[in-house]
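In: mind looking at a prediction? Sequence and model below.
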Amino acid sequence: MTDYNYDNFSAGNYTLDDFQGPTAGRKALDFPMQTTDGDQRQLLDFDGDFLVLEMASITCPLYQSRRGKMKTLTGKYPDTSFTIMYVREAHPGKIRPKHIDAKGKLSNARALQFEDGEGRTILIDDLDGHAHVAYGSFPNAVFIINKNHCVVYYSDWNNPTATGRALANLKAGKPASGMGLFLPAIPAIGLVTLKNAGKGAGIDFARSFPSLVWENLIKRNLRLLTGRKSSITPDAKC
């Protein structure tokens, strides 16, 4: 990975076969974050029995494709906290370019909340992405964190069905199941997201598309299918 807030997307911006975020059984790191109101709060200051933390940006087709199913989960589990960490723009374009200052990043996060209608709490990482880097730097990773601030489930790419299954297991007192298979973005949503990002976003994505298919849909899913399942208990201490 080179410049954190890259000008143009490339698969080379990510080390897709080496996720460096906190895995199940590891301590979740706390960071000061900005709210869309401009206030400050801690990332791990949550009221629910668990925190479901998803990485996101307004230009991420994968995140945008997951929103409907994640909204269903928030309604199903009202006693669980659901939070978005707003990170760098996954696919910057002319309309939504890379973040050059905190004001621009706040503006995009507010657009996600008030224009796109994201109903979950949005917390904004700093301009250099210190929290995002600590959580692995992937654009749409997801973590479930317990009240002991222990990661009890993670997936480098969010699969809402698997995330929901993991949360159901944890709330039933059982370990979460393994990571969910990588699923591509819904084509119609992906096209709209890239169009709304502006000129350049779609072309950059198209250039990297073959590499993304190989790294995520094939290599990553094969590793997952042959890997070990998590056995971290819901009340684990790290």
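Out: On my side now, so go ahead. Numbers count the residues shown, from 1 in each chain.
In: Leu53 - that's part of a strand, no?
Out: Yes - assessed with DSSP: H, G, I helix; E, B strand; the rest coil, Leu53 lies in a strand.
In: list the contacts of the closest residue in space to it that isn't next to it in sequence.
Out: With CB to CB, 6 or more residues apart in numbering as the criterion, Leu53 has its nearest non-adjacent residue at 4.7 Å, and that residue is Phe143. From N, CA and C alone the C-beta is placed, and that goes for glycine too. Going by CB atoms under 8 Å, 6 or more residues apart in numbering, Phe143 touches 21-22, 28, 51-54, 135, 151, 153-154.
In: one more: Ser211?
Out: Here Ser211 is in contact with Ala11 (CB under 8 Å, 6+ apart).
In: and it, what helix or strand is that in?
Out: helix 201-212 (DSSP states H and E).
In: got it, and Phe82?
Out: strand 81-86.
In: helices and strands around that strand, which ones?
Out: strand 50-56, helix 61-76, helix 102-114, strand 121-124 (3 or more CB pairs under 8 Å, 6 or more residues apart in numbering; DSSP states H and E).
In: try it again at 6 Å.
Out: In terms of contacts (3 or more CB pairs under 6 Å, 6 or more residues apart in numbering; DSSP states H and E), strand 81-86 is packed against strand 50-56, strand 121-124.
In: and those strands as TSV, adding mean pLDDT, distance to Arg223 and mean neighbour count?
Out: Below are the helices and strands packed on strand 81-86 laid out as TSV (pLDDT from 0 to 100; distance: least, CB to CB, whole Å; neighbours: other CB atoms under 10 Å):
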stretch	mean pLDDT	distance to Arg223	mean neighbour count
strand 50-56	98	20	25
strand 121-124	98	30	21
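In: ok, the nearest residue to Asn158 once chain neighbours are set aside - how many residues close by?
Out: Nearest non-adjacent residue to Asn158, counting by CB to CB, 6+ apart: Val142, 4.0 Å away. By other CB atoms under 10 Å, 27 other residues sit near Val142.
In: hmm, back to that, for the helix or strand following the helix holding Ser211, buried residues please.
Out: Reading on from helix 201-212 to the C-terminus, the next helix or strand found by DSSP H and E is helix 221-225. Neighbour counts over helix 221-225 (16 or more other CB atoms under 10 Å) mark 221, 224 as buried.
In: what does stretch 122-137 give?
Out: 122-125, 127, 129, 131-132, 134-137.
In: nearest to Ser10 among the residues you listed?
Out: Of all the buried residues of stretch 122-137, Ser10 sits closest to Ser137, with 14.0 Å by CB to CB.
In: off-centre distance for stretch 93-113?
Out: The chain centroid and the centroid of stretch 93-113 are separated by 17 Å under CA atoms, centre = their mean, to the nearest Å.
In: for that stretch, measure first residue to last.
Out: 20 Å (CA to CA, to the nearest Å).
In: sorry, back to before: for Leu167, which of the helices and strands packed on strand 81-86 is the nearest?
Out: Once the helices and strands packed on strand 81-86 are compared by CB to CB, strand 50-56 is nearest, at 6.7 Å.
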